[in-house]
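1. What shape does this take:
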Amino acid sequence: MSSFQGLFSLVASVVGQPAAQWLESHVEVPEGLHAFSWSDSALHRAWLAEALNLCLLHKLVEAVPAGRVYVDEQAENGRKVLFDHGAIRTVDWFDNGELPRGRLAFTRLLEPLGFTDVRTYPLTKLNMTGWAYRQQDLPEDIAQFFVSELHPGRFSEAFQGAVSRVARSSRDPLNAEHLSILKRLQLTRHCTLAEAYRLLPGLYDAFERQHGVVQHADYQQVLSESAEMAWIATEGNSFNHLTDRVTDLEALVADQNRKDRPMKACIEVSASGRVMQTAYKACTVSRAMADTNGQLHEHQVPGSFVEFIQRKLDPVDDKLDLNFDSSNAQAIFKMTS
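-> Residues are numbered from 1 along each chain as shown. A predicted model of the protein is given here:
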């Protein structure tokens with residue numbers, strides 16, 4: 001079995017064989033991975049980082065019907081999507097159940113996979129902060145993570161109380177064995193293939209909602225002050241969006257508009273002029289919330305979405321500009337408002 005076949009077998013162990021086959025035919029996988037070890041006794045972290053990203057991409061396109069249609073259309077036109085980055089939202093709060101607060105719930109798994117916090121992005125209008133985590137072995141080729149924290153301390157006491165009631169039931173998806181394997185990865189950059197098979201499901205489960213049923217009154221309370229916290233209340237730590245890196249964003253937008261896709265009204269351009277972004281509007285999902293009597297009722301709320309990005313070369317080093325932009329990010333966040 002080749003290393004690429006091994007990669008998709010590992011992915012299939014989490015998402016199933018049909019999904020793994022779909023990913024193989026629809027998503028670019030970096031050829032640079034071949035520079036890193038793949039064996040039963042020594043699997044390099046870069047392979048595990050790519051396996052996780054493939055699993056998470058599939059999870060999101062299954063949740064966003066327009067995204068699945070888009071990726072399938074790209075394949076029909078002879079192109080595989082290039083996964084640029086995924087985004088997750090966290091809450092920087094002490095009353096967080098079993099989960100470490102804020103981004104710490106994810107640094108403990110991203111850093112052992114080779115991701116490093118390369119830049120901080122103030123999201124002042126949203127009372128949030130964002131961090132870009134870039135994979136150091138293949139920084140241009142393995143999708144980044146944009147991890148944001150919402151800061152409840154900047155909101156009202158009523159808001160903070162609702163956040164506590166939402167978050168304090170959170171469970172930790174990582175068990176002692178997962179954490180032990182991650183520690184080994186952190187120290188040696190390798191684990192065994194058998195360990196990778198045991199670790200990947202836990203990593204995959206980390207990108208879910210970890211807390212229990214939300215009270216509708218608490219949802220309304222946080223929504224009155226923060227659409228972002230309202231999204232976290234229903235969706236948790238799921239991928240907020242994933243992003244396809246394209247070579248001509250204006251042409252893509254024109255094509256998507258002709259197809260009457262739910263596109264953002266404009267393209268966001270970074271201060272440098274080198275990073276351009278736009279997105280679909282978030283899909284609508286149905287989530288159960290409890291009323292004052294504990295009865296569950298379904299409510300229509302914003303779900304996740306697909307973003308599109310074009311990156312140009314930085315003239316300083318003639319390398320792809322992999323940075324983000326605070327203004328762009330805050331505009332993209334509005335897709336789930």
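2. who touches residue 60 in this structure?
-> Contact criterion C-beta atoms under 8 Å, 6 or more residues apart in numbering gives 67, 86, 238-239, 241-242, 304, 306 as the residues in contact with residue 60. Every C-beta, even on glycine, is put in place using the N, C-alpha and C of the backbone.
3. can you rerun that using 7 Å?
-> Contact partners of residue 60, counting by C-beta atoms under 7 Å, 6 or more residues apart in numbering, are 67, 239, 242, 304.
4. Closest one to residue 319 out of those, please.
-> Nearest to residue 319 among the contacts of residue 60: residue 242, at 22.8 Å, using C-beta to C-beta.
5. What lies in contact with the host helix or strand of the closest one?
-> When secondary structure is defined by DSSP states H and E, residue 242 falls within strand 241-245. Residues from elsewhere that reach strand 241-245 (C-beta under 7 Å, 6+ apart): 57, 60, 81-87, 279, 304-309, 311.
6. What is the neighbour count of the nearest residue to residue 196 once chain neighbours are set aside?
-> When the adjacent residues along the chain are set aside, residue 196 lies closest to residue 43, with 5.1 Å between them (C-beta to C-beta, 6 or more residues apart in numbering). Number of residues near residue 43 (other C-beta atoms under 10 Å) recorded here: 27.
7. go on, the one 5 residues further on?
-> A count of nearby residues for residue 48, using other C-beta under 10 Å, gives 25.
8. In contact with it, which residues?
-> Taking C-beta under 7 Å, 6+ apart as the definition of contact, the neighbours of residue 48 are 113, 196, 200.
9. out of these, which is most surrounded?
-> residue 113 (27 neighbours).
10. Quickly find the element holding the residue nearest to that one when sequence neighbours are not counted.
-> Nearest-residue entry for residue 113: residue 49, 4.2 Å, with adjacent residues in sequence omitted and distances by C-beta to C-beta, 6+ apart. Using DSSP H and E, the element containing residue 49 is helix 45-63.
11. Next, the angle helix 45-63 makes with the helix or strand hosting residue 86.
-> Secondary structure from DSSP H and E places residue 86 in strand 83-91. For strand 83-91 against helix 45-63, the angle by axes from the mean of the first three to the mean of the last three C-alpha atoms, to 10 degrees is 80 degrees.
12. Just give the strands next to strand 83-91 in its sheet, each with its orientation.
-> When pairs are called by DSSP bridges, strand 83-91 turns out to pair with strand 144-150 (parallel), strand 241-245 (antiparallel).
13. quick one: contacts of the first one?
-> Under the contact criterion C-beta under 7 Å, 6+ apart, strand 144-150 has outside partners 85-92, 102-103, 106, 110, 115, 123, 127-134, 226, 228-229, 232, 322, 324.
14. that older thread, looking at the strands paired with strand 83-91, which is nearest to residue 30?
-> Distances from residue 30 to each of the strands paired with strand 83-91 were compared using C-beta to C-beta; the minimum, 12.4 Å, belongs to strand 241-245.
15. Rounded mean pLDDT for that closest one, please.
-> Within the predicted structure, the mean pLDDT of strand 241-245 is 95.
16. From the chain's centroid, how far away is that strand?
-> Its chain's C-alpha centre lies 9 Å from the corresponding centre of strand 241-245 when counted by C-alpha atoms, centre = their mean, to the nearest Å.
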